[in-house]
Each structure stands twice: as structure tokens, then as C-alpha cells.
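In: Here is my input, please return the structure:
(one chain, ligands or ions: 1)
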Amino acid sequence: MKVIEVSDLRKEYRGRNVVDGVSFTVEEGEIFGVLGPNGAGKTTTVECVAGLRVPDSGTVRVLGGLGPAEVRRNLGVQLQSSALPAKIKVWEALDLYASFYPAPADTGALLERVGLSARRDAYYGRLSGGQQQRLSIALALVGRPRVAILDELTTGLDPQARRDTWELIEQVRADGVTIVLVTHFMEEAERLCDRLALIDSGRVVALDSPEGLVSRIGSPQRVRFRPSHPFDDAILRALPEVTGVRHENGRVEVSGTGDLLPPVVSALTAAGVIPADLRIEQATLDDAFLALTGKKISA
Ligand SMILES: Nc1ncnc2c1ncn2[C@@H]1O[C@H](COP(=O)(O)OP(=O)(O)OP(=O)(O)O)[C@@H](O)[C@H]1O
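Out: Okay, here's the model as predicted:
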């Protein structure tokens, strides 16, 4: 079942098309990513989906076309800008948000799940960045939504807190909540998303699974090494898997397709060249974005 259907969404600010004809659908139970550089129009898009901004044109259908009140009841939203007052306590914030819904989640169990039980009496302003993010996720889930929209939820977190948050998101999805995840971290998108829309300058430039996006670009693999001594590139260029060979500061980078490593290593070995510091790199979503738009996501 399609839980969100967005068609030709447009929003203009001061003569600029911030959202410029965006269309996508989100299936029930998936983690759908909206990935793109800062200022690409991601937040504006999801805020239109959540009914928090009015698009200039285009349509948004949530859960088969519910009205605004029903959408609010079924949609949990965690936004970048949803800062709480510093002097509100964790349990007070949760109780307050729970009071907006007819059948809210058990707030004690929710605090447990996001790892904040021990901080229930703490002031919001006293929480670490990771704890504040976890509370904002709890607030997005307290109405027991069928769909949760999470915007830049790991921005500013240290790597451990980020990984903990990813695990939490996977658990939430395992409970059957459909998740729309806005991010500009490709690692986050690669790890969590079933499908994603790459957004650039208000447009969807591609929509696919992370693997699908990466496999669209020509050179999904790179092998790098430091050769024991100079050699003739022709021995590598002759291999059908190899599409390019580059030399840089005494290192060699071979790009190509398929299973690149074995033929490269055997060709080098046959020529008596020992590859030191051998590394293999898969293409990433960043490479896919670069290939599609000419820009880096993480600018
Ligand atoms: N209310 C507004 N009035 C004027 N311009 C706005 C408004 N909201 C957003 N914009 C502009 O629209 C563009 C897209 O903003 P948006 O927040 O949707 O991008 P984003 O992809 O979510 O980026 P970020 O990750 O930085 O939030 C930006 O250039 C922003 O300055």
C-alpha cells in the first residue's frame, strides 16, 4: 500500500523554485530517504507532506487521502527546528505531546525504548545532543503514528550516538512504522533506507534503492595500491574489467566494473609488480550523486 503519494509538488520563495516538481511515493513499512545537499529543498518537501506548509501546486495524499486532522493523528513528525523550552522536563514534554492524541503510546515504555528512562526528570536544556534527539524521536512516536517523518535526526551527533539512533530507527520500522528520513549523510541513507529520492535544487534527480543508485554509475569499483616499481599501464588497460588507470603521488588507482581485484592482482603479479597498501573501494552514494548532478552531497 502506498502511504504517501506526492505528485508534481512546487513551492517558490522570492521567485526561486525551492521545490520544483517533486514526485515520489512511499510504500507501507519502508524507510524512505530524502537525500540531498543543504538547501536542496528536502525540509520544504517533507513539511508540505506533513501539512505544515502549503505547496503552491501539486498534490500530496497521505494514507490514501485522509483529511488534515486524520493525517495529523497518523503522522509523527520530528523536525530540525522543533526545539523545546530548556526548562521543560523530559516527562512533561512527553505527557504534553501525548495529550494531543486520542490513543497515545505508554510514555514510560517509550522512554525506555529511546534510552531516556533515567533522564525522565531532567530538564530538556540539560540533555546532551544525542539525548535531545532521542527525545524528539520519542515525541514523534508518542501518538503511535503509522508514518514518522524524521528530519536530519543525526546532525550534530557523535558517531556512537549516530549509530545508536540508527538502531533505534530500525527497531521503530520493525514495529511496522513507515519512516521518511531526511538526511544529507550518505552513510546514513546507505545503512537505513530501502529506497531514496536524491534531491538537488528542488528536483528529484533519481529514485531507487541505494544499491540501484550506485550500480547506475559506470565504475562501481576502484582498486588503489602503491606499486613496488614502475610498470606499463598497458598490462592493466588490456583487462576487460578495467576502464581507467590513474597515477597520483606514487599511487595507482584502477577503476573498472565487476570483480576488479583478482584480474588486477594477477596481471601485476605476472609482471613482477607487488601492490603494497592495496585497497578496494566500492562506489558510494556520494559517487552516484556526483555522477548524476556534478556535485558532492556532503559539501
Ligand atoms: N520560509 C522560507 N522563506 C524563504 N526561503 C526559504 C524558506 N524556507 C526555506 N527557504 C529556502 O529554500 C531553500 C530550501 O530549503 P530547505 O530547508 O527545504 O532545504 P533542505 O534541503 O532541507 O536543506 P537543509 O538541510 O539546509 O535544511 C533554502 O535555500 C532556504 O533558504
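In: what's the burial count for A271?
Out: Look at A271: counted by other C-beta atoms under 10 Å, it has 14 neighbours. Glycine gets a C-beta too; all of them are placed from N, C-alpha and C.
In: typed the wrong thing, it's G51
Out: 16.
In: and if you look at G258?
Out: Neighbours around G258, by other C-beta under 10 Å: 12.
In: Identify the residues contacting it.
Out: Applying C-beta atoms under 8 Å, 6 or more residues apart in numbering, we find G258 in contact with 221, 241.
In: And what about it, helix, strand or coil?
Out: With DSSP: H, G, I helix; E, B strand; the rest coil as the basis, G258 sits in coil.
In: quick one, helices of this protein?
Out: Ranges of helices within the chain are 42-49, 68-74, 90-98, 107-113, 129-141, 159-174, 186-192, 210-215, 234-237, 261-270, 285-293, based on DSSP state H.
In: what's the distance between the closest residue to G244 other than its chain neighbours and G58?
Out: Nearest residue to G244, sequence neighbours excluded (C-beta to C-beta, 6 or more residues apart in numbering): S255, at 4.5 Å. Distance of S255 to G58, computed by C-beta to C-beta, to the nearest Å: 40 Å.
In: and these two? which has more neighbours close in?
Out: Ranked by neighbour count (other C-beta under 10 Å), S255 and G58 place S255 first, with 20 against 16.
In: Could you find the closest non-adjacent residue to E253?
Out: R246 (4.6 Å).
In: what about that neighbour, how many residues close to it?
Out: Using other C-beta under 10 Å, R246 has 12 neighbouring residues.
In: got the contact list for it?
Out: Here R246 is in contact with 252-255 (C-beta under 8 Å, 6+ apart).
In: Now go through the residues you listed and say which are in strands.
Out: 252-255 (DSSP state E).
In: among those residues, who's most crowded?
Out: V254 (28 neighbours).
In: Verify the contact between that one and L260 for me.
Out: Yes. Between V254 and L260 a contact is recorded at 6.8 Å, counting by C-beta atoms under 8 Å.
In: Spit out the residues that contact these two alike.
Out: By C-beta under 8 Å, 6+ apart, V254 and L260 have these common neighbours: 222-223, 242.
In: Could you measure from D277 over to the ligand?
Out: Separation of D277 from the ligand (C-beta to the nearest ligand atom, to the nearest Å): 36 Å.
In: what about that residue, neighbour count?
Out: Neighbour count for D277, taken as other C-beta under 10 Å: 8.
In: again with S7
Out: 14.
In: Could I get the buried residue list for stretch 283-299?
Out: Going by neighbour count (16 or more other C-beta atoms under 10 Å), the buried part of stretch 283-299 is 283-289, 291, 293, 297.
In: can you list the residues of the stretch 151-299 of the chain near the ligand?
Out: Applying C-beta under 6 Å from any ligand atom, we find that the stretch 151-299 of the chain lies next to the ligand at 152, 184.
In: Pass me the low-pLDDT residue ranges in the stretch 151-299 of the chain, would you?
Out: 218-220, 298-299 (pLDDT under 70).
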